[in-house]
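Visitor: Sequence and computational prediction follow.
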Amino acid sequence: MTEIKEPRAGTDYDISPLLEPLRIRRLRLRNRFVMPGMQRYWCVDGAPDHRLRDYYRRRVLGGTSLVISESCAIDHPSATKNPTFARISPSTREAWRACVAGVHEAGGAMFLQLWHQGAVNYGGDADSNPEFVALSPSGLAHPGESFGRAATGAELDSVKRAFVRGALDAEDIGADGVELHSAHGFLLDQFLWPGTNVRTDRYGGPGITDRATFVAEVAAAVREATSPDFVISIRISQWKESDYDARIVEEPGQLGQLVRMLRAAGADLFHVSTRRFW
């Protein structure tokens, strides 16, 4: 049992709400402390090794109720070629199953964070992997900076199916949910950012709800394919790794439009990452 003490004299905060349980669909978290996805680089050929399994387990033993895995590339040729990143695929499923089991045994819950690199040139991808073709909304890594090429409609359908396969694999190995990584300038976020989405088809446009169409389709496809109890989180941000001052929306009303659209598509949680407090 955890003793909840009154705030110390001179403070104006009370953390007791963070110690309250939280129910999302049929998932019950014992408190509101969540460990977000953070890259540890403890994967071999995309599979988490014993260090990462123990790392996640120890976070739960320390009090965290929900662990979100580090970015886990979907099983698609364009997702990433970087050998240090995690992947969810037939060859890595059992290693991820062991991670989830360790978190559950420690009393916590776990999501896999599904990720696609998009038009981000990690570690000289273009030089070290000449066969790698980076796909993105418009072939832009940053406004005015080209990398790879714009994905066709058929390729986007293929990427969407890979997100669904990743979610189904996550559910099959016992994960409590998935997080769709739509932040920090990676593929899904590149659709949201007007600087990297200049498409003129149904996946682009001047409004945030125009640019969010592909993200919403991915969320809806995952929601339809998984069971009713499976939880879907979507991670969003204004900032990008290439631009801390970037914005996908300019005012709160636009953010409200985005949240309502993704909520209607099946999102249960929004995981907000921020660096600027304007």
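Guide: Arrived safely, thanks for sending. Residues are numbered from 1 along each chain as shown.

Visitor: pretty sure residue 40 contacts residue 56?
Guide: No - Residue 40 lies out of contact with residue 56 (CB atoms under 8 Å); the separation is 9.4 Å. C-beta coordinates here come from the backbone N, C-alpha and C atoms, glycine included.

Visitor: any idea whether residue 67 is helix, strand or coil?
Guide: strand (DSSP: H, G, I helix; E, B strand; the rest coil).

Visitor: Just list whatever residues bridge to it.
Guide: residue 35, residue 110 (DSSP bridges).

Visitor: which residues does it contact?
Guide: 34, 35, 56, 59, 60, 103, 108, 109, 110, 111 (CB atoms under 8 Å, 6 or more residues apart in numbering).

Visitor: Tell me the one of these nearest residue 273?
Guide: The closest of the contacts of residue 67 to residue 273 turns out to be residue 34 (CB to CB; 12.3 Å).

Visitor: right, and the closest one touches residue 60 too?
Guide: No - using CB under 8 Å, residue 34 and residue 60 do not qualify as a contacting pair, with a distance of 11.0 Å.

Visitor: Can you show me the strands along the stretch 101-250 of the chain?
Guide: Taking DSSP state E, counting those that start in this stretch, the strands of the stretch 101-250 of the chain run over residues 109-115, 135-136, 140-142, 145-146, 149-150, 177-184, 231-240.

Visitor: Now mean pLDDT, mean neighbour count and distance to residue 253 too, for those strands, in CSV please.
Guide: Putting the strands of the stretch 101-250 of the chain into CSV (pLDDT from 0 to 100; neighbours: other CB atoms under 10 Å; distance: least, CB to CB, whole Å) gives the following:
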stretch, mean pLDDT, mean neighbour count, distance to residue 253
strand 109-115, 98, 26, 28
strand 135-136, 96, 24, 27
strand 140-142, 94, 21, 26
strand 145-146, 92, 14, 30
strand 149-150, 96, 18, 29
strand 177-184, 98, 26, 19
strand 231-240, 97, 23, 15
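
Visitor: Against residue 14, how distant is residue 228?
Guide: Distance, residue 228 to residue 14, using CB to CB, to the nearest Å: 35 Å.

Visitor: so what pLDDT did residue 125 get?
Guide: Per-residue pLDDT puts residue 125 at 55.

Visitor: now swap in residue 247 and tell me
Guide: 95.

Visitor: what sits opposite the most centrally placed residue in the chain in the beta ladder?
Guide: What sits nearest the mean C-alpha location of the chain, by CA atoms, centre = their mean, is residue 181, with 2.3 Å. Under DSSP bridges, the beta-bridge partners of residue 181 are residue 235.

Visitor: where does it sit relative to residue 51, distance-wise?
Guide: Distance from residue 181 to residue 51, by CB to CB: 22 Å.

Visitor: One more: residue 92?
Guide: Distance from residue 92 to residue 51, by CB to CB: 15 Å.

Visitor: Among residue 228 and residue 14, which residue is more densely surrounded?
Guide: residue 14 (11 against 7; other CB atoms under 10 Å).

Visitor: re earlier: which among the strands of the stretch 101-250 of the chain is found nearest to residue 158?
Guide: strand 135-136 (9.4 Å).
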